[in-house]
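In: need coordinates for the following:
(chains A and B)
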Amino acid sequence: MTRFYKPIFTILFLFFATAAYAEKPVITITIRDHLFYPSEVEVPANQKFKLLVINEDATPEEFESYELNREKVILGKRKGVIFVGPLKPGVYPFFGEFNMSTAQGKLIAK
Amino acid sequence: MLLNIIVIVLRETLEASILISVMLSVGRHYRLGISWLFIALMAGLIGALFYALNLGSISDMFDYMGQEVVNASLQYTIYFLLLMVCVAQYHGSSKCLRYLPMLMGSAVALAIVREGGELVVFYSGFLQGGANFLNAATSGFIGLAIGMSAGALCYYALAALSSLQVRKTHIILLCFIAGGMVLQATQLLIQADWIPAYEAIWDSNWLLPESSITGQIAYAVFGYEATPSLLELIVYLSAILLMLGLVLLRRKLAADPSLNVEK
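Out: Alright, predicted model coming up:
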């Protein structure tokens, strides 16, 4: 049976390994006092990138965007990684669901 | 601020509430009682607390993709449970109905873990901040009440159907709810970069904005997505068709004794 499993595992391993190690640009956004810094971020269009969200507040926040189809809870004093794109050039608003009145921002894909 | 909290709680409650109302209606149809629901609610609440308390370590798993992976697993499991709930009803013998309360209870409990966990995290923020907790709790209660009313409305709408129509309606509703679960889970794995991302094939935000209340209800009930990619569309439709197909196959097997190997 191993001769069947081996190639399958190799393919699976390669699949995940490529996904994990492919170089992707990292864009960092910081949450402080329920605000996003920077609140307007320029990101590369037509390319997948990694959004690193650092929450400096003590309280949790949920990064959310309908336009990007993304939602993720980032606990207080922690960070979270969200993969985004490839995006067509344009403006993509996002917000912090737990503090919607202040935590607003947008990604500008160019 | 208060309105925001009502909306947050409503959004998280709606999905579980609709699922519970359909499950209750299925239970009513087969006279299964409601003790399974109480156990499911308790298990779900304990699970949600456990999820929220461990969200830090969950998030750090799989290269910071733990949240996506765990949430997606929960939702794929709910899909599987709902599929079993539908198929079990067409088994043709009452033997299988015995498993219904357990299957329905598990689905409800997992849905509460998924949605309730986020609410616990949300409210933990107010506890840390100290201020406005009572305010937030009151608004949350209103959101919860609206969500539960929507569930009650759905339950009584189903109760008004004749027993012949109601089973088919259950199956169709459950197929869409389950399809929505699979779609949401798949989107989470796309977000985690475990599944490739593709361009959206259409944008129906002009017709029904995803951020609107109706859009949110549609998202909660059947996984409405205004900008799906081809992959997402295929996954969604396959999940629904697989479920419908298995139900029809099961019904055919149950109706034809010569094909029924178990008898």
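In: the nearest residue to residue A:61 once chain neighbours are set aside: how many residues sit nearby?
Out: Of all residues not flanking residue A:61 in the chain, residue A:96 sits nearest, at 4.5 Å (Cβ to Cβ, 6 or more residues apart in numbering or on different chains). Using the backbone N, CA and C atoms, a C-beta is placed for each residue, glycine as well. Using other Cβ atoms under 10 Å in any protein chain shown, residue A:96 has 24 other residues around it.
In: again with residue A:50
Out: Neighbours around residue A:50, by other Cβ under 10 Å: 17.
In: in three-state terms, label the residue nearest to the spatial centre of chain A for me.
Out: A centroid search over chain A (Cα atoms, centre = their mean) returns residue A:82, at 2.0 Å, as the residue closest to the centre. What DSSP: H, G, I helix; E, B strand; the rest coil gives for residue A:82 is strand.
In: ok, it - contacts?
Out: Contact partners of residue A:82, counting by Cβ atoms under 8 Å, 6 or more residues apart in numbering or on different chains, are A:50, A:51, A:53, A:63, A:70, A:72, B:191.
In: okay, the second one: pLDDT?
Out: Think residue A:51. Confidence at residue A:51, expressed as pLDDT, is 94.
In: list the residues that contact it.
Out: Per Cβ under 8 Å, 6+ apart, neighbours of residue A:51: A:27, A:29, A:63, A:81, A:82, A:83, A:84.
In: now for these: which two are most distant?
Out: Greatest spatial distance among the contacts of residue A:51 (Cβ to Cβ): A:29 and A:83, at 13.9 Å.
In: tell me the average confidence for the host helix or strand of residue B:110?
Out: Per DSSP states H and E: residue B:110 is located in helix B:100-129. In this model, helix B:100-129 has an average pLDDT of 91.
In: so which bits of it are buried?
Out: B:100-101, B:103-126 (16 or more other Cβ atoms under 10 Å in any protein chain shown).
In: out of those residues, which are close to chain A?
Out: Applying Cβ under 8 Å from any Cβ of the partner chain to those, one finds that B:118, B:121, B:122, B:124, B:125, B:126 fall near chain A.
In: what residues does chain A have near chain B?
Out: A:16, A:19-20, A:48, A:58-62, A:66-67, A:69-70, A:72-76, A:78-83, A:85-86, A:88, A:97-98, A:100-101.
In: check contacts around residue A:41.
Out: Applying Cβ under 8 Å, 6+ apart, the residues near residue A:41 are A:27, A:29, A:105, A:106, A:107, A:108.
In: the strand or helix carrying the second one - contacts with which helices or strands?
Out: What that stands for is residue A:29. In this structure, residue A:29 sits in strand A:26-32 according to DSSP H and E. Judged by 3 or more Cβ pairs under 8 Å, 6 or more residues apart in numbering or on different chains; DSSP states H and E, the packing partners of strand A:26-32 are strand A:35-37, strand A:40-43, strand A:49-55.
In: what pairs with it, and is each one parallel or antiparallel?
Out: Strand pairing for strand A:26-32, determined by DSSP bridges: strand A:35-37 (antiparallel), strand A:49-55 (parallel).
In: what about chain A, any weak spots by pLDDT?
Out: A:1-22 (pLDDT under 70).
In: bridge partners for residue A:81, pull those for me.
Out: Where residue A:81 sits in a bridge, its partners, by DSSP bridges, are residue A:52.
In: how close does it get to residue B:52?
Out: To residue B:52, residue A:81 is 20 Å away according to Cβ to Cβ, to the nearest Å.
In: looking at these two, which is more packed in?
Out: residue B:52 (23 against 19).
In: so the more buried one makes contact with residue B:127?
Out: No. Contact between residue B:52 and residue B:127 fails when scored by Cβ atoms under 8 Å: they sit 11.4 Å apart.
In: ok, back up a step: next, the buried residues of the strand holding residue A:29.
Out: Per 16+ other Cβ under 10 Å, strand A:26-32 contains these buried residues: A:27, A:29, A:31.
In: now swap in stretch B:222-236 and tell me
Out: B:222, B:223, B:224, B:225, B:226, B:227, B:228, B:229, B:232, B:235, B:236.
In: so what touches that stretch?
Out: Against stretch B:222-236 from outside (Cβ under 8 Å, 6+ apart): A:66-67, A:69, B:176-177, B:179-184, B:186-187, B:190, B:195-205, B:208-210, B:215, B:218-219.
In: roughly how far is that stretch from the heart of the chain?
Out: Put simply, stretch B:222-236 sits 16 Å off its chain's centre (Cα atoms, centre = their mean, to the nearest Å).
In: could you tell me the end-to-end distance of it?
Out: By Cα to Cα, to the nearest Å, the extent of stretch B:222-236 from end to end equals 10 Å.
In: next one: the closest residue to residue A:84 other than its chain neighbours from residue A:82, what distance?
Out: Counting by Cβ to Cβ, 6+ apart, residue A:84 lies nearest to residue A:51, which is 5.3 Å off, once chain neighbours are set aside. Look at residue A:51 and residue A:82: by Cβ to Cβ, they are 4 Å apart.
In: and what of residue A:108?
Out: 17 Å.
In: low-confidence ranges in the stretch 151-263 of chain B?
Out: For the stretch 151-263 of chain B (pLDDT under 70), the answer is B:257-263.
In: residue 63: neighbour count?
Out: Chain wasn't specified; assuming chain A. Neighbours of residue A:63 using other Cβ under 10 Å come to 25.
In: my bad, chain B
Out: Neighbours of residue B:63 using other Cβ under 10 Å come to 11.
In: fine by me, we can end here.
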